[in-house]
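S.K.: Here is my input; please provide its structure:
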Amino acid sequence: MEHKEFVSILSNIRIGTAVSTVAYCKEVHEKQLVSILEDIINNANAIREVVLLGDIFEFWAYPPSELPPTMKDIIADNPNILGENGMFCKMLSALNGRVIYLAGDHDINVTQSDLNHIISAEGYTLKYHAGAYIPTYDTRIKFIHGHEYTLINAPCFASKIAPLPIGYFVTRAIAYKVKSTMDKSPNNTSFNLKECGVCGLNEFLTMIPHFLMNHINDMDVIRAYIDVIADATGIPKNLKIRINKSISVSLNELENIYVNYYNNKEYIPSIVNINNLDCSTDTVIMGHTPMSSLICKNKKINYIHTGFIYQSDSNLMQEHIIYGIYNLSNRFISLMGARGDLPVSIQPYVNITPNRYMNHSNMSHVYKSSNKKDNNTFKSMDENEPSIENSIKANQAYINNLQQSKSIKSKDKSKAITSKLVLSENQVKPEKKLVFGWSVFDNTLEFWMIMQLGVLSKAKELDIDVIINNQKSSTEEMIKGSIDLINKGVDALLIAPYNPGAIPLITEQTKNNNIPVVVIDVGTYDAEIAAFIVSDNFGGGVLAGEYALKLIKKYSITSMNVAIIKTQIVATYALLRGHGFKNVMQGYGYHVVAEETANSRESEAYEVMKSILTSYANDLAVVFCENGTMAIGAAQAINEAGKKGIIMLIGFDATPAVMEEIKKGRIQGTIKQQPFRMGALGVEVANSILTGIPILFDDWTKKIILMEVFLVNENGETMGNII
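M.R.: Now for the predicted structure:
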């Protein structure tokens with residue numbers, strides 16, 4: 001990849017539906033946003049990636065009686081920005097999908113599934129990232145929306161409406177007052193009501209310092225806060241506020257919902273622990289969180305705001321919408337603005353306090369080319385992860401010794417893997433030593449063997465015993481062995497299923513025993529599980545498609561045909577890999593001439609590949625295999641046909657056997673998952689559930705935790721997930 005010097009950052013647009021209480025007004029703001037996105041598109045060749053830093057969408061600012069919109073509703077109301085021919089899709093196309101999305105507070109419930117509704121012609125979608133984002137190309141910088149540092153808007157995980165915080169109801173109450181005022185002046189909208197703008201409810205905002213000072217130590221802190229909301233907005237405390245189709249909540253009910261988060265002081269550290277949270281970086285770039293909310297700001301860290309918050313009166317027409325441009329080489333932020341007057345122009349935004357990384361000179365030429373050589377390779381494995389080659393023998397030895405040992409003493413105090421967990425000082429220590437059941441797809445296959453190493457390593461570190469069931473690629477062994485683990489009284493069941501269709505049968509057995517089930521990879525068949533840890537499969541398929549196009553160009557391949565060798569039909573999440581690959585290739589005019597299933601087996605993939613070669617040996621550009629085992633089988637068939645290096649082969653997995661094939665030139669690249677981390681994270685998640693540590697999901701409805709994937713190129717180098 002040519003060197004790309006800049007990162008563009010955009011936040012706090014809060015695009016919602018055409019409801020008068022939403023501050024984003026299409027008639028006023030769309031032309032400003034279009035000008036910003038056009039600026040990004042025109043400079044795409046210089047931009048490493050775009051970071052959408054939260055509150056891009058508005059799901060909060062709706063009157064209590066109205067049901068908040070879905071993503072489809074917001075897209076339908078904003079086709080010029082979010083539609084299939086809209087500016088977001090054009091941006092995705094221009095940047096080849098190099099757009100990262102972090103949720104803020106007003107779009108806290110957004111998932112990757114929601115973002116997949118915005119898809120470019122080439123199959124690119126916004127790439128969801130949970131929590132703070134530290135990019136691989138500059139690990140000294142952290143991107144985060146910033147609501148996590150505040151008292152009222154930090155996510156609340158232990159309630160029936162998780163992760164909505166109490167601040168959600170502040171916004172809904174403000175919408176109540178805005179609507180009440182507008183009912184008296186029907187021609188007004190929220191942005192031109194000076195006394196009631198979304199951020200200008202002065203009588204409420206001025207109460208916040210008084211509230212914090214006088215009530216933060218009260219046992220009735222929630223009740224006091226509810227009174228503040230009601231007094232400031234006039235909303236009746238018994239009025240039902242619609243959350244979704246099945247849940248409505250009044251202010252009176254908040255006391256029971258949030259009692260553990262306020263009265264037990266679990267929320268308070270989210271304001272003052274910023275020193276610890278940011279110690280790994282020297283620069284934090286946030287969306288809109290007022291600096292005054294950072295009560296314990298670390299002076300060694302630069303805090304930069306790129307967020308924009310709408311003005312509360314008609315002077316908005318003369319104001320800027322802000323976005324940031326981060327220069328990777330010089331490490332400074334330029335804050336740019338799109339003016340609301342006509343014609344819309346991009347220019348320096350000067351009404352800010354500069355810091356040592358901000359530079360306001362030559363702002364009209366912020367995007368400049370660079371001759372610096374790009375180094376995009378990095379190590380994605382945890383530094384404490386053991387060598388896979390040296391660990392396979394240890395794996396079998398561990399299994400043999402496990403039955404003879406009832407206790408595994410933890411001596412390894414090394415740093416735990418990074419996980420998507422929110423730690424709590426109120427963690428409950430288990431009364432007895434925990435025992436986990438681990439039911440694995442087939443621990444004779446490299447991918448699952450590596451995952452098992454992650455399970456056993458993390459269990460050893462946490463002093464947890466593990467009982468293993470090897471499913472041996474058999475539905476019968478999966479069901480029988482898992483139920484046997486349940487009957488042995490394990491405290492939690494971790495399962496990497498051979499057949500996800502059997503998960504509901506297994507979870508039915510765990511309900512009576514209150515045993516949490518954590519599924520790792522493959523699928524859940526919509527069973528009621530505690531958590532589902534899975535790779536970003538669709539994104540990995542897109543990554544494979546992007547890489548295929550580069551190989552085709554590099555080797556001057558003229559064929560317009562590609563083939564996909566698929567996993568078993570029940571592996572619904574693994575099948576997303578092929579969908580992502582297919583979307584990219586078809587978007588560039590390539591024909592998928594074969595989509596054959598090889599059931600994740602090397603021998604079947606060998607036969608399937610031979611069959612495909614019978615028809616397309618001399619007219620095939622690329623073959624994509626949805627897992628690494630099948631890629632090895634396909635490689636053998638391609639090699640025997642004398643087409644090695646002529647037909648490009650891309651896999652999905654970076655096991656030692658696959659890496660050896662890449663070294664031999666028989667596989668030209670693969671998408672690297674993180675099986676070791678997935679296994680280790682499964683143990684952490686199960687332990688957290690049992691000990692009271694909240695968990696941050698990428699998709700709350702399906703309890704999904706997404707794992708990042710990476711590209712391994714033809715030289716065996718692990719690359720970032722952006723090409």
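
S.K.: low pLDDT regions in the chain?
M.R.: Counting by pLDDT under 70, the chain contains low-confidence ranges at 1-3, 158, 185-221, 259-280, 289-301, 308-321, 339-431, 720-723.

S.K.: what sits against the residue nearest in space to the middle of it?
M.R.: The centre of the chain sits closest to His129, judged by C-alpha atoms, centre = their mean, with a distance of 2.7 Å. Taking C-beta atoms under 8 Å, 6 or more residues apart in numbering, we find His129 in contact with Ile100, Tyr101, Leu102. Glycine gets a C-beta too; all of them are placed from N, C-alpha and C.

S.K.: Who is the last one paired with across the strands?
M.R.: In this structure, Leu102 has beta-bridge partners Leu53, His129, where bridges are defined by DSSP bridges.

S.K.: just checking, it touches Asp55?
M.R.: No - the criterion here is C-beta atoms under 8 Å, and Leu102 misses it with Asp55 at 9.7 Å.

S.K.: Pick out whichever of the two has more residues nearby.
M.R.: Neighbour count, other C-beta atoms under 10 Å: between Leu102 and Asp55, Asp55 has more, with 29 against 23.

S.K.: Mind checking what secondary structure Ile285 has?
M.R.: Look at Ile285: counting by DSSP: H, G, I helix; E, B strand; the rest coil, its state is strand.

S.K.: give me every residue that touches it.
M.R.: Listed by C-beta under 8 Å, 6+ apart, the contact set of Ile285 reads Ile9, Val51, Leu53, Ile141, Lys142, Phe143, Ile144, Ile304, Thr306, Gly324, Tyr326, Ile333.

S.K.: Give the bridge partners for the closest residue in space to the fourth one that isn't next to it in sequence, please.
M.R.: If I follow you right, that is Ile141. Spatial nearest neighbour of Ile141, excluding adjacent residues (C-beta to C-beta, 6 or more residues apart in numbering): Thr283 at 4.6 Å. Under DSSP bridges, the beta-bridge partners of Thr283 are Ile141, Asn302.

S.K.: Counting neighbours, which of the contacts of Ile285 comes out on top?
M.R.: Compared across the contacts of Ile285, Leu53 has the highest neighbour count, 29 neighbours, by other C-beta under 10 Å.

S.K.: any idea how far Lys4 is from that residue?
M.R.: Using C-beta to C-beta, to the nearest Å, we find Leu53 at a distance of 18 Å from Lys4.

S.K.: Off-centre distance for stretch 241-259?
M.R.: 27 Å (C-alpha atoms, centre = their mean, to the nearest Å).

S.K.: Residues in contact with it: which ones?
M.R.: 64-68, 156, 159-161, 164, 166, 169, 172-173, 222-223, 226, 229-230, 235, 237-240.

S.K.: can you give me phi and psi for Ala598?
M.R.: phi -120, psi 10 (degrees, to the nearest 10).

S.K.: Ile486 versus that one, what's the distance?
M.R.: 32 Å.

S.K.: Those two - which one has more neighbours?
M.R.: When Ala598 and Ile486 are compared for neighbours, Ala598 comes out ahead with 24 against 20, by other C-beta under 10 Å.

S.K.: Give the full set of residues in contact with the more buried one.
M.R.: Going by C-beta under 8 Å, 6+ apart, the list of residues near Ala598 reads Ile565, Lys566, Thr567, Glu604, Ala605, Glu607, Val608, Cys625, Met630, Gly633.

S.K.: Over to Ile226?
M.R.: With the criterion set at C-beta under 8 Å, 6+ apart, Ile226 makes contact with Lys237, Leu251, Asn252, Leu254, Glu255.

S.K.: From those residues, list just the buried residues.
M.R.: Leu251, Leu254, Glu255 (16 or more other C-beta atoms under 10 Å).

S.K.: Narrow these to those in helices?
M.R.: In this view, the buried ones among the contacts of Ile226 that belong to helices under DSSP state H are Leu254, Glu255.

S.K.: Go through the buried ones among the contacts of Ile226 and name the one nearest Tyr124.
M.R.: Nearest to Tyr124 among the buried ones among the contacts of Ile226: Leu254, at 40.3 Å, using C-beta to C-beta.

S.K.: The residue nearest to Ile141 contacts Ile304, correct?
M.R.: Yes - counting by C-beta under 8 Å, Ile304 is a contact partner of Thr283 at 6.8 Å.

S.K.: Could I get the buried residue list for the strand or helix carrying Phe169?
M.R.: Using DSSP states H and E, Phe169 maps to helix 167-184. Neighbour counts over helix 167-184 (16+ other C-beta under 10 Å) mark 167-179, 182 as buried.

S.K.: Does anything pack onto it? Which helices or strands?
M.R.: Helices and strands touching helix 167-184, as assessed by 3 or more C-beta pairs under 8 Å, 6 or more residues apart in numbering; DSSP states H and E, comprise helix 221-233.

S.K.: Which helix or strand lies directly C-terminal to the helix it packs on?
M.R.: strand 241-242.

S.K.: Identify the residue spatially nearest to Phe143, adjacent ones excluded.
M.R.: Tyr133 (4.3 Å).

S.K.: returning to what we had before: tell me, how many residues neighbour the residue nearest to Ile141?
M.R.: Neighbour tally, Thr283, other C-beta under 10 Å: 21.

S.K.: I'd like to know how many residues surround Ser45.
M.R.: Wrong residue type there; residue 45 is Asn, not Ser. 12.

S.K.: on that earlier part again, narrow the contacts of stretch 241-259 to those that are buried.
M.R.: By 16+ other C-beta under 10 Å, these give 64, 68, 156, 159, 161, 164, 166, 169, 172-173, 222-223, 226, 229-230, 235, 239 as buried.

S.K.: Go over the secondary structure and confirm Ile41 is in a helix.
M.R.: Yes - assessed with three-state DSSP, Ile41 lies in a helix.

S.K.: Burial check on the residue nearest to it when sequence neighbours are not counted, number of neighbours?
M.R.: If the residues on either side of it in the chain are set aside, Ile41 comes closest to Ala94, at 4.4 Å by C-beta to C-beta, 6+ apart. The tally of other residues near Ala94 (other C-beta under 10 Å) stands at 22.

S.K.: May I ask you to confirm that Ala94 is in contact with Glu38?
M.R.: No - look at Ala94 against Glu38 with C-beta under 8 Å: they stay out of range, at 10.0 Å.

S.K.: Report back the residue of the chain that's furthest from centre.
M.R.: The chain, farthest from centre, C-alpha atoms, centre = their mean: Lys184 at 42.6 Å.

S.K.: Going by residue numbers, what spans are strands in the stretch 1-150 of the chain?
M.R.: 6-10, 47-53, 99-102, 127-129, 141-144 (DSSP state E, counting those that start in this stretch).

S.K.: which stretch among those comes nearest Ala530?
M.R.: Of all the strands of the stretch 1-150 of the chain, strand 127-129 sits nearest to Ala530, with 20.9 Å by C-beta to C-beta.
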